[in-house]
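> sequence unknown, structure follows:
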């Protein structure tokens, strides 16, 4: 069972690192040129289809985190740390569904108005969301360091 516990946690860490890579790429490479010129850059959003990446990695993250939680349930220290990551992730997903995704869809159809300010606000809030996602990685790494007896 110890091997399954460790493998499930390792997989969750790997998938989480993949999410962090996607967050870093999006915020450094993709969002500045796209959101920095709205509404003129709205057409750019129709050429990039990163939703395929996110629609693949999020289910993998959910499944790997739940598997790690279940397999490490009898280890209170690991359980609490994995649970902390799950709670932060859940909050980020809720915020993403309520605000971030609808705004991205609206940006694709930007015509006129103060889209620049709206895009900048979205980007700043997304940096905060990304910081929480990076913070949520720490408990997973700490869980990895917890000894299994």
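Cool, the structure landed. Here the structure is a predicted model, which is why all the values come from computation and not from measurement. Numbering: from 1, shown residues only.
> which secondary structure element contains residue 94?
Residue 94 is located in helix 76-95, with elements delineated by DSSP states H and E.
> what's the average pLDDT for that helix?
Rounded to a whole number, the mean pLDDT of helix 76-95 is 97.
> got it, and stretch 55-71?
pLDDT averaged over stretch 55-71 gives 97.
> ok, now stretch 18-33?
pLDDT averaged over stretch 18-33 gives 93.
> quick one on the thing from earlier: what residues of the helix holding residue 94 count as buried?
For helix 76-95, burial by neighbour count (16 or more other CB atoms under 10 Å) applies to 78-79, 81-86, 88-89, 92, 95. Glycine gets a C-beta too; all of them are placed from N, C-alpha and C.
> Now do the biggest helix by length in the chain against helix 76-95, angle only.
Using DSSP state H, we find that the single longest helix of the chain is helix 115-145. If you take axes from the mean of the first three to the mean of the last three CA atoms, to 10 degrees, helix 115-145 sits at 170 degrees to helix 76-95.
> Which strands or helices does helix 115-145 pack on?
Under the contact definition 3 or more CB pairs under 8 Å, 6 or more residues apart in numbering; DSSP states H and E, helix 115-145 sits against helix 2-25, helix 31-35, helix 76-95, helix 101-108.
> Output the buried residues of helix 76-95 in CSV, with distance to residue 35 appended to each entry.
Shown next, in CSV, are the buried residues of helix 76-95 (distance: CB to CB, whole Å):
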residue, distance to residue 35
78, 39
79, 39
81, 34
82, 34
83, 34
84, 31
85, 28
86, 29
88, 24
89, 24
92, 19
95, 17
